[in-house]
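J.: Can you look at this prediction? I've put the sequence above it.
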Amino acid sequence: MKAHQAGRTGVDAITIRDVTYSYPDGSLALDGVSLKIVKGERVAVLGPNGAGKSTLLMHMAGLFIPQRGEVTILGLPVNGRNIHKIRRNIGMVFQNPDDQLFCSTVYEDVSYGPLNLGLAKDEVASKTREALRRVGLEGFEDRPPHRLSEGEKKKVAIATVLPMQPKIMIVDEPTSNLDPESRRELIDLIKGLWERQNFTLVVATHDVDLIPHVADRTIILNQGRLIGEGPVRETLLNPELLRKARLELPTITRLFHLLEEKRMARGGGRPLTVDEGLEEIQYLIRELKRSRKSPVGKRLSSVER
Ligand SMILES: Nc1ncnc2c1ncn2[C@@H]1O[C@H](COP(=O)(O)OP(=O)(O)OP(=O)(O)O)[C@@H](O)[C@H]1O
Ligand SMILES: [Mg+2]
């Protein structure tokens with residue numbers, strides 16, 4: 001059973017306790033952040049530009065050692081001694097794929113991890129091919145990464161972490177700069193990987209419309225501080241909380257809020273996604289047809305007139 005189905009009673013994957021982080025120029029990026037993520041969970045870190053999301057993810061990946069506070073990953077405190085052991089279990093997909101892809105071919109980039117593990121050449125080759133197949137980029141082996149489209153680069157960046165079979169997958173802004181089709185492909189890819197493999201997933205984004213597809217819980221950051229957290233539905237339906245983080249309700253939710261104000265939708269039926277919106281409209285039409293005596297039916301038939 002996945003962690004979100006079991007409730008948050010599972011074993012901790014990541015614990016962050018009172019972490020504060022400033023960059024060398026003095027910019028305060030994290031200010032006393034504490035949170036827990038349990039194994040198998042899917043968590044979105046939501047916040048506007050500059051909120052500290054990437055900085056928090058660097059701590060979750062064991063790439064930054066906390067300046068103040070404590071970070072524990074898979075039971076090990078992050079410090080100079082543990083760092084290599086910890087990093088081996090984590091797949092970090094950076095916000096900018098150019099920070100991830102530094103070789104002259106896609107094959108070299110994807111095979112870099114398994115080669116460093118000291119695996120035999122044919123095992124490296126089969127793991128590399130398998131990772132490229134998973135992200136739908138078979139045949140891209142000899143392509144130079146810097147010539148790929150943004151969507152292809154993001155997929156290669158994900159492929160580079162798959163051969164390591166990470167226990168925790170951390171993805172920073174998976175859908176930024178993508179066209180609608182690439183965005184859909186990336187969402188399906190991340191969802192599919194999480195469903196098939198048994199990792200803990202952390203996704204950072206400022207895209208509220210993305211979150212219901214890839215997460216079950218939201219952590220909201222603003223100006224380096226954690227300002228809220230909870231199940232996706234609760235957090236994304238909370239306009240005050242989102243406004244505090246200079247964010248808006250998901251697009252479909254906004255539409256249904258307006259319909260409610262015009263008494264053209266029921267209070268409480270709050271879809272987050274296009275699919276949920278469709279279901280809600282189908283429900284409203286059914287109610288209208290079925291019974292003009294039902295509260296929703298009555299309300300809708302009065303609007304019709
Ligand atoms: N290398 C750096 N040197 C100095 N300041 C930095 C550096 N990287 C980030 N910052 C600052 O730290 C704060 C948090 O940045 P961070 O990149 O973690 O935010 P973010 O939420 O990921 O933003 P975005 O949505 O734009 O990716 C910002 O004020 C930023 O200007
Ligand atoms: Mg960022």
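T.: Received, thanks. Ligands and ions are numbered 1, 2, ... in the order given.
J.: all contacts plus neighbour counts: C-alpha atoms, from now on.
T.: Fine.
J.: Can you pull the phi and psi angles for the residue positioned nearest the centre of the chain?
T.: By Cα atoms, centre = their mean, the chain has its centre lying nearest to Val203, at 2.2 Å. With angles defined as degrees, to the nearest 10, Val203 sits at phi -120, psi 130.
J.: ok, residues contacting stretch 215-233?
T.: Outside stretch 215-233, the residues that touch it by Cα atoms under 8 Å, 6 or more residues apart in numbering are 4, 28-34, 41-48, 50-53, 201, 203, 211-212, 235, 241, 244-245, 272.
J.: repeat for stretch 145-160
T.: So stretch 145-160 is in contact with 93-94, 97-98, 100-106, 109-113, 131-132, 134-135, 137, 174, 177-178, 182-183, 186, going by Cα under 8 Å, 6+ apart.
J.: Buried residues, it. List them.
T.: 145-146, 150-160 (16 or more other Cα atoms under 10 Å).
J.: I'd like the residues you listed as CSV, with pLDDT and secondary structure appended.
T.: What follows is those, written out as CSV (pLDDT from 0 to 100; DSSP: H, G, I helix; E, B strand; the rest coil):
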residue, pLDDT, secondary structure
Pro145, 97, helix
His146, 95, helix
Glu150, 92, helix
Gly151, 93, helix
Glu152, 95, helix
Lys153, 96, helix
Lys154, 95, helix
Lys155, 95, helix
Val156, 97, helix
Ala157, 97, helix
Ile158, 96, helix
Ala159, 96, helix
Thr160, 97, helix
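J.: Report how far apart the opening and closing residues of stretch 213-228 are.
T.: 20 Å (Cα to Cα, to the nearest Å).
J.: for stretch 158-170, same thing?
T.: So stretch 158-170: terminal residues 10 Å apart, Cα to Cα.
J.: close to ligand 1, is it?
T.: No - remark: stretch 158-170 sits outside contact range of ligand 1, by Cα under 6 Å from any ligand atom, the gap being at least 12.9 Å.
J.: Any regions of this protein where pLDDT drops low?
T.: For the chain, the stretches flagged by pLDDT under 70 are 1-9, 269, 302-305.
J.: Next to ligand 1, which bits of it? Give me the list.
T.: 23, 25, 27, 29, 47-55.
J.: of those residues, buried ones?
T.: For the residues of the chain next to ligand 1, a burial check counting by 16+ other Cα under 10 Å picks out Ala29, Gly47, Pro48, Ala51, Gly52, Lys53, Ser54, Thr55.
J.: just to revisit the earlier point, of all pairs in the residues of the chain next to ligand 1, which one is the farthest apart?
T.: Asp25 and Gly47 (22.2 Å; Cα to Cα).
J.: what about the helices in this protein?
T.: 3-6, 53-60, 83-87, 106-116, 121-134, 150-161, 180-196, 211-214, 232-236, 239-244, 251-261, 274-290, 295-304 (DSSP state H).
J.: Just the buried subset of the contacts of stretch 145-160, please.
T.: 93-94, 97, 100-101, 105-106, 109-113, 131-132, 134-135, 137, 174, 178, 182-183, 186.
J.: hang on, the earlier thing: please tell me how far the residue nearest to the centre of the chain sits from Val45.
T.: Counting by Cα to Cα, the gap from Val203 to Val45 is 6 Å.
J.: now swap in Gly192 and tell me
T.: 20 Å.
J.: quick one: which of those two has more around it?
T.: Val45 (25 against 13; other Cα atoms under 10 Å).
J.: Please verify my assumption that that one contacts Thr205.
T.: Yes - look at Val45 against Thr205 with Cα atoms under 8 Å: they come within range, at 6.3 Å.
J.: what touches both of those two?
T.: Taking Cα under 8 Å, 6+ apart as the contact rule, Val45 and Thr205 both touch Lys53.
J.: ok, Arg292 to Asn96 distance?
T.: Counting by Cα to Cα, the gap from Arg292 to Asn96 is 54 Å.
J.: hang on, I meant Val214
T.: 19 Å.
J.: Of the two, which one has the most company?
T.: Set Val214 next to Asn96 and count neighbours by other Cα under 10 Å: Val214 wins out with 20 against 16.
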